[in-house]
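**Student:** Need coordinates for the below:
(one chain, ligands or ions: 1)
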Amino acid sequence: MRLLLIEDEPDIGRQLKSALTDAGYVVDLARDGEEGQFLGETEPYDAVVLDLGLPKVDGVSVLERWRRAGLATPVLILTARGAWSDKVAGFDAGADDYLTKPFHTEELLARLRALLRRAAGHAQPQLSCGDLRLDPKAARASVNGEPLRLTSLEYRLLHYMIMHNERVISRTELVEHLYDQDFDRDSNTIEVFIGRLRKKVGADRIETVRGLGYRLLPVDAGA
Ligand code: CA
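**Tutor:** Numbering: from 1, shown residues only. Below is the predicted model:
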């Protein structure tokens with residue numbers, strides 16, 4: 001899953017990016033409202049963490065412009081303590097959730113997990129497809145109860161696929177949601193990673209749909 005973080009305070013930006021990366025997300029960091037707005041309009045993020053007090057364009061204006069343009073990406077806003085009117089303005093501009101600074105990183109991670117699963121239509125905190133399970137909180141996955149040893153990229157790939165396991169996902173879409181903006185993207189490498197993931201989860205769990213992409217299948221090895 002790929003996130004956009006828009007935060008102008010360098011220390012907070014760095015710390016959050018590193019915490020989100022450790023939690024298994026790929027993160028693009030924008031340091032002002034203009035860059036953030038542009039990235040949000042041009043790259044397909046799974047969720048956005050948006051600070052409201054930003055240079056160039058403030059967070060509420062960024063959000064208003066996105067929503068006016070039809071962008072539906074879930075957005076969590078970061079507001080200053082005591083500024084209740086910021087929260088109201090943020091929600092009215094189209095925010096989905098908020099956190100008041102200072103906050104605990106664990107709470108941000110929990111709120112993001114909830115936002116992401118709601119946006120993808122899941123109610124359960126643990127994601128499953130057949131006997132394949134993925135726990136976004138622990139960043140772990142298992143098959144038929146057996147833990148899987150995944151690289152961070154394999155985990156991101158499986159996380160995205162299990163989040164959208166009801167449909168076929170194209171290679172381009174996978175590339176866009178697994179790598180950050182600085183990565184030299186080549187959709188052929190996805191095939192290699194799909195191959196590696198198949199070896200770990202079982203080849204029959206990932207269907208190749210010719211010309212369209214891949215789909216995770218609900219196989220149950222224990223049945
Ligand atoms: Ca700020």
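**Student:** name the element whichever residue of the chain sits closest to the ion belongs to?
**Tutor:** Residue of the chain nearest the ion, by CB to the ion: G53 (3.7 Å). C-beta here means a position set from N, CA and C on the backbone, and glycine is covered the same way. Using DSSP states H and E, G53 sits in no helix or strand.
**Student:** what's the next secondary structure element after the helix or strand containing K199?
**Tutor:** Using DSSP H and E, K199 falls within helix 188-201. Note on helix 188-201: by DSSP H and E, the next helix or strand toward the C-terminus is strand 206-209.
**Student:** per the record, what domains does the chain have?
**Tutor:** Domain assignment for the chain, taken from automatic domain parsing, gives 2-119, 127-216.
**Student:** how about the residues of the chain near the ion?
**Tutor:** D8, D51, G53 (CB under 5 Å from the ion).
**Student:** Name the nearest of those residues relative to D204.
**Tutor:** Proximity of the residues of the chain next to the ion to D204 was ranked by CB to CB; the top entry is D51 with 44.8 Å.
**Student:** okay, the closest one: pLDDT?
**Tutor:** On pLDDT, D51 comes in at 97.
**Student:** Format the domains of the chain as TSV; extra columns: mean neighbour count.
**Tutor:** Below are the domains of the chain laid out as TSV (neighbours: other CB atoms under 10 Å):
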stretch	mean neighbour count
domain 2-119	18
domain 127-216	16
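**Student:** which residue ranges form the strands in this structure?
**Tutor:** In the chain, the strands defined using DSSP state E lie at 2-6, 26-30, 47-51, 75-79, 97-100, 127-129, 132-135, 140-143, 146-147, 206-209, 213-216.
**Student:** and the first one with strand 47-51, angle?
**Tutor:** Here the directions of strand 2-6 and strand 47-51 differ by 10 degrees (axes from the mean of the first three to the mean of the last three CA atoms, to 10 degrees).
**Student:** quick one: strands adjacent to strand 2-6?
**Tutor:** Sheet partners assigned to strand 2-6 using DSSP bridges are listed as strand 26-30 (parallel), strand 47-51 (parallel).
**Student:** mind putting the strands of the chain in TSV, distance to R171 included?
**Tutor:** Formatted as TSV, these follow (distance: least, CB to CB, whole Å):
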stretch	distance to R171
strand 2-6	15
strand 26-30	16
strand 47-51	22
strand 75-79	27
strand 97-100	31
strand 127-129	19
strand 132-135	21
strand 140-143	21
strand 146-147	28
strand 206-209	10
strand 213-216	6
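**Student:** Give the residue spans of the protein that score low on pLDDT.
**Tutor:** Across the chain, residues meeting the criterion (pLDDT under 70) sit at 187, 222-223.
**Student:** for the closest residue to S152 other than its chain neighbours, what are its contacts?
**Tutor:** Distances taken as CB to CB, 6 or more residues apart in numbering put G24 closest to S152, at 6.7 Å, once the chain neighbours are dropped. Counting by CB atoms under 8 Å, 6 or more residues apart in numbering, G24 touches M1, P136, A139, S152, Y155, R156, H159.
**Student:** again, but for Q124
**Tutor:** Q124 sits next to R117 when contact means CB under 8 Å, 6+ apart.
**Student:** backbone phi and psi for it, please?
**Tutor:** phi -80, psi 140 (degrees, to the nearest 10).
**Student:** Tell me how far it lies from R67.
**Tutor:** Relative to R67, Q124 is positioned 28 Å away (criterion: CB to CB, to the nearest Å).
**Student:** swap in Q15?
**Tutor:** Q15 sits 28 Å away from R67, going by CB to CB.
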